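Engineer: Just need the structure, nothing else, for what follows:
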Amino acid sequence: MTSRVDCHVKVLDDRVVERAVRKDLDVIVYAPHFTRLPEIRERAAAYSSDDLLVIPAREVFTGSWQNRKHVLAIGLEEPVPDFIPLEAAMAEFDRQDAAVLAPHPTFANVSVGEHDLRTHAETIDAIEIFNPKHLPLHNGRAHNLADMLSMPPYTSSYAHLPRSVGISHTAFETPIESESDLVAALADGIGRRVVYDNGLERWLTTAAEVGHLVYENTWKKVDRLFLSGTEPTHPQHIAYEGRFDDVAVY
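Structural biologist: Numbering: from 1, shown residues only. Just a heads-up that it's a prediction; the model follows:
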């Protein structure tokens with residue numbers, strides 16, 4: 001049995017679910033920005049059905065906003081905040097036995113690079129080799145990294161817009177009927193195929209998503225959202241009970 005998984009989406013509503021089902025997906029991984037794990041879990045459960053499993057996850061922004069490195073963790077039992085050092089995040093993922101993915105590697109100032117991948121090779125379970133937000137140069141570089149480091153690949157739509165969901169997916173050669181099934185498939189390196197559309201729909205998706213990216217990465221937005229210390233995934237938020245105060249970047 002093959003399970004078709006969109007390994008990373010940022011949005012979740014009725015339109016997303018309808019599109020995912022229309023694209024014959026079995027699973028989507030829901031990991032919105034700046035949202036705490038309990039809320040993600042609650043929303044994922046509300047939109048899961050017999051037709052589509054929605055798995056909660058966290059894309060953690062490590063480091064500072066100017067030089068952040070994104071890592072995607074699936075299977076967390078306890079929340080992990082943004083804006084802590086990469087090393088601290090990886091140690092927490094290890095402690096919780098989460099599956100860890102490297103989205104959009106080496107892209108701009110928002111990604112892990114070759115040195116990070118080598119350093120944390122025992123923790124990182126897969127590397128994204130196709131992201132529809134990227135140009136062929138970026139995807140080719142990611143593919144070469146995966147080959148060079150012998151790391152299992154994956155892809156996702158990285159959808160920040162509902163229309164992007166399912167433009168690419170990872171087809172795992174195993175049934176995935178729960179969060180723990182996906183964590184095991186990633187941790188065990190289960191065989192999979194990276195599947196994506198490289199035609200007109202892909203390029204329309206790229207154009208729309210890049211336009212969204214420009215807004216998303218403005219300093220004005222992050223300053224408004226984050227740096228007061230009271231927002232949901234700030235490391236000094238009361239919800240983390242002081243566990244990350246000593247490693248908080250902000």
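Engineer: just how off-centre is stretch 6-17 within its chain?
Structural biologist: Here the centre of stretch 6-17 is set off from its chain's centre by 12 Å, with Cα atoms, centre = their mean, to the nearest Å.
Engineer: er, stretch 154-165 actually
Structural biologist: 10 Å.
Engineer: repeat for stretch 70-79
Structural biologist: Offset of stretch 70-79 from its chain centre (Cα atoms, centre = their mean): 9 Å.
Engineer: Give the rounded mean pLDDT of that stretch.
Structural biologist: Computed over stretch 70-79, the mean pLDDT rounds to 97.
Engineer: Compute the number of surrounding residues for the residue lying closest to residue 248 once chain neighbours are set aside.
Structural biologist: For residue 248, ignoring the flanking residues on the chain, the nearest one in space by Cβ to Cβ, 6 or more residues apart in numbering is residue 235 at 3.8 Å. Using the backbone N, CA and C atoms, a C-beta is placed for each residue, glycine as well. The burial count assigned to residue 235 is 21, neighbours taken as other Cβ atoms under 10 Å.
Engineer: I figured residue 235 hits residue 241, correct?
Structural biologist: No: counting by Cβ atoms under 8 Å, residue 235 sits too far from residue 241 to count as a contact (11.2 Å).
Engineer: what about residue 49, distance to residue 77?
Structural biologist: 24 Å (Cβ to Cβ, to the nearest Å).
Engineer: Kindly list the longest strand within the protein.
Structural biologist: In the chain, assigned by DSSP state E, the strand with the most residues is strand 53-62.
Engineer: List the neighbouring strands of it plus their orientation.
Structural biologist: strand 27-30 (parallel), strand 69-74 (antiparallel) (DSSP bridges).
Engineer: deepest of those, which one?
Structural biologist: Ranked by mean neighbour count under mean count of other Cβ atoms under 10 Å, the strands paired with strand 53-62 are led by strand 27-30, which reaches a mean of 26.
Engineer: Give the rounded mean pLDDT of that one.
Structural biologist: In the prediction, strand 27-30 has an average pLDDT of 98.
Engineer: just stretch 166-174 next, same as before
Structural biologist: Mean predicted lDDT for stretch 166-174 stands at 97.
Engineer: Just the buried residues of it, please?
Structural biologist: Applying a neighbour-count criterion of 16 or more other Cβ atoms under 10 Å, one finds 166, 167, 168, 169, 170, 172, 174 buried in stretch 166-174.
Engineer: Need the max-distance pair from these.
Structural biologist: Farthest pair in the buried residues of stretch 166-174 (Cβ to Cβ) is 167 and 174. Separation: 23.0 Å.
Engineer: Secondary structure and distance to residue 30 for the buried residues of stretch 166-174 - can I get that in a markdown table?
Structural biologist: As requested, these are exported to a markdown table (DSSP: H, G, I helix; E, B strand; the rest coil; distance: Cβ to Cβ, whole Å):
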| residue | secondary structure | distance to residue 30 |
| --- | --- | --- |
| 166 | coil | 14 |
| 167 | coil | 16 |
| 168 | strand | 16 |
| 169 | strand | 14 |
| 170 | strand | 15 |
| 172 | strand | 17 |
| 174 | coil | 21 |
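Engineer: For this protein, give me the ranges with low pLDDT.
Structural biologist: Within the chain, the stretches with pLDDT under 70 are 211-230.
Engineer: can you pull out the strands in it?
Structural biologist: Going by DSSP E, the chain shows strands at 3-9, 27-30, 53-62, 69-74, 99-102, 124-130, 153-155, 168-172, 192-196.
Engineer: Tell me which of those approaches residue 231 most closely.
Structural biologist: Of all the strands of the chain, strand 53-62 comes closest under Cβ to Cβ, at 11.9 Å.
Engineer: Kindly calculate the angle that that closest one makes with strand 3-9.
Structural biologist: Here strand 53-62 runs at an angle of 40 degrees relative to strand 3-9 (axes from the mean of the first three to the mean of the last three Cα atoms, to 10 degrees).
Engineer: Understood, closing this out.
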